[in-house]
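[1] Coordinates for the following, if possible.
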Amino acid sequence: MSTRVRFLGVAGYEIVSETQRILIDPCLSAQSSPPVAPEEVARPDVILVSHGAFDHYGDTAAIARHTGAPVVCGADVRLALLDEGIPHEQIRQTMWGIVVEVGGVVIRPLECHHWSSVALSDGSTVTGSPLAFIVEPEPGLRIYHYGDTSIFDMRLFGRLYRPTIGLLGCAQPNELVDNTAAGELLTGEMSPDEAALAAEMLGLEVAVASHYLERTPEVDEFVRLVPKHDTTGTRRVLAPNVGEVISFDRSEAGIEARESVMG
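    Predicted coordinates for the structure are as follows:
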């Protein structure tokens, strides 16, 4: 079996296996050159939304509306979706530890050290809890999406759930950063060193850089630092370009990863 993971930009991914199609954090229309338009996205079995920030919630409502796909999210994102006309029966609200099966996909929400808030059409602001996720698109291939978390002790996740591939934020999508606010951003939610250490704590076989649109010095630093923290000596690190597809194959020898198709 083979699972294909297409990087959609920022922290957005389309994960396709023989039995599942999963869409995570689809922020497309905010990009100047998105790899696919929201209306062109193939119907996923489920859409996962980590939190309400515009660069993660993104085009979720539009994609859910035109595909009819169900959405798994936190409480505040559910209210935003309802506010945009997505019906209750198309949404599954969840929280850390509450494992759900939606669209034939088992989703494990995990603790995420970040914040989440949405603005509703009546002018009110609602806050909620951000989510990280683990999904298993094929047996033995468990993908962790970091959900915009900052670093904390993730060793228990590695011990309990044994993720094999991690999508780890190590940079900022500079094209979307608000430079009108006071001061300047110096790191993303995790620095490159913190993200590389997270890969070690999770026990990943493959660490994948996330949370960017163009390859930055921070992404290159993550690629350099992953081997520094790797006590196994076998961990692979990848930093795909937006639109690039990584194919993962699971075997007794481990995971083979191939970077391939663009667009």
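[2] what's the neighbour count on the nearest residue to residue 143 once chain neighbours are set aside?
    In space, and not counting its chain neighbours, residue 143 is closest to residue 165: 4.7 Å by CB to CB, 6 or more residues apart in numbering. Glycine gets a C-beta too; all of them are placed from N, C-alpha and C. When neighbours are defined as other CB atoms under 10 Å, residue 165 has 27 of them.
[3] so residue 165 bridges to which residues?
    On the basis of DSSP bridges, residue 165 is bridged to residue 143, residue 206.
[4] what about it, distance to residue 140?
    Per CB to CB, to the nearest Å, residue 165 is found 11 Å from residue 140.
[5] Verify the assumption that residue 158 is located in a helix.
    Yes: checked against DSSP: H, G, I helix; E, B strand; the rest coil, residue 158 lies within a helix.
[6] Name the residues of whichever strand or helix holds residue 5 that come out as buried.
    Per DSSP states H and E: residue 5 is located in strand 2-9. Under the neighbour-count criterion of 16 or more other CB atoms under 10 Å, strand 2-9 has 3-9 buried.
[7] Quick one: those as TSV, columns for pLDDT too.
    Converted to TSV, the buried residues of strand 2-9 look like this (pLDDT from 0 to 100):
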residue	pLDDT
3	97
4	97
5	98
6	98
7	98
8	98
9	98
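[8] what's in contact with the longest helix along the chain?
    In the chain, taking DSSP state H as the definition, the longest helix is helix 217-229. Contacts with helix 217-229, where a contact means CB atoms under 8 Å, 6 or more residues apart in numbering, come from 168, 170-172, 187-188, 191-193, 195-197, 199-200, 207, 209, 212, 235, 237, 239.
[9] Mind jotting down where the strands sit in the stretch 151-263 of the chain?
    According to DSSP state E, counting those that start in this stretch, the stretch 151-263 of the chain carries its strands in the segments 165-169, 206-210, 236-238, 245-251, 254-259.
[10] Tabulate these (CSV), appending distance to residue 230 and mean pLDDT.
    Below are these laid out as CSV (distance: least, CB to CB, whole Å; pLDDT from 0 to 100):
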stretch, distance to residue 230, mean pLDDT
strand 165-169, 12, 98
strand 206-210, 9, 98
strand 236-238, 9, 98
strand 245-251, 18, 90
strand 254-259, 14, 82
